[in-house]
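# Dropping the sequence and predicted coords here.
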Amino acid sequence: RPLRLGLTGGIGSGKSTVGGMLAALGAALIDADQLAREVTGPQGAAMQAIRATFGAEYVDANGALDRARMRRLVFSLPQERARLEGIVHPLVMSHSDLLARQAADQGAALIVFDIPLLAESGRWARRLDAVLVVDCCAETQIARVLRRSGLARDVVQAIIAAQASRSARRAVADVVIANDADGMQALQARVRQMATLFGL
Ligand code: ATP
């Protein structure tokens, strides 16, 4: 069966860039964030349980999650966040299992699961054969996010502080790709070299 590789990294680390490079080399890519958006989108698989648990005021006119309202609720209430994750995570897991089976049936040698919060959530470990962490320092993260978004510096810093620490993330890694230096070619070379380890 194909190798299942978890891919993670902090905001702006370059995780999605690395995922795209692995996909270009032939890996099947499964995006956990995208699946979470789908199950909480219009008539998504999580919406009935979200309505029953949190109330109709968290569902917008299209039958999708009211993200701004939910963000305000879970921001300061960890038990509410846990309830939301208890609904969304199992659905994301089962959808990603399904996509992985389809990729395996189609002959993929490597399945990459792009999971932003892999280090924060223990639930993924048993589904993965190995974990790849894209690593860089906070200054690099901040510079990259400022370049591509309109966020203020202190907001980016707060997001980084709320995510797993660099050392916690590295602790779950089987392989680390350093992505501090600017330049896509250097990163591409490192990814290509690593991909051969994973059978691509
Ligand atoms: P997020 O969690 O915020 O989605 P991410 O970890 O997926 O972030 P990317 O979107 O891959 O990060 O990269 C963030 C930005 O940094 C992108 O604009 C990307 O093009 C750029 N970037 C990534 N790696 C490099 C690099 N080695 N050199 C130059 N730019 C880079």
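It's in.
# Tell me the spacing between residue 43 and the ligand.
Distance, residue 43 to the ligand, using CB to the nearest ligand atom, to the nearest Å: 26 Å. Every C-beta, even on glycine, is put in place using the N, C-alpha and C of the backbone.
# Now do the helices in the protein.
15-24, 32-39, 47-54, 67-75, 78-105, 138-148, 153-162, 166-171, 184-197 (DSSP state H).
# What helices and strands are in contact with the last one?
Helix 184-197 is packed against helix 15-24, strand 175-178, with contacts defined by 3 or more CB pairs under 8 Å, 6 or more residues apart in numbering; DSSP states H and E.
# In CSV: the ones you listed, plus mean pLDDT.
Formatted as CSV, these follow (pLDDT from 0 to 100):
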stretch, mean pLDDT
helix 15-24, 97
strand 175-178, 96
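# Of these, flag the one that's most buried.
helix 15-24 (a mean of 19; mean count of other CB atoms under 10 Å).
# send the alpha carbons of that one over as CSV?
Taking C-alpha atoms only, helix 15-24 is exported to CSV below (Å, rounded to 0.1, in the frame of the first residue of the first chain):
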residue,chain,number,x,y,z
LYS,A,15,3.8,23.7,4.0
SER,A,16,1.4,24.2,1.1
THR,A,17,4.3,25.1,-1.3
VAL,A,18,6.0,21.8,-0.3
GLY,A,19,2.7,19.9,-0.7
GLY,A,20,2.3,21.4,-4.2
MET,A,21,5.9,20.3,-5.1
LEU,A,22,5.2,16.8,-3.9
ALA,A,23,2.0,16.7,-5.9
ALA,A,24,3.9,17.8,-9.0
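# Thank you kindly, that will do.
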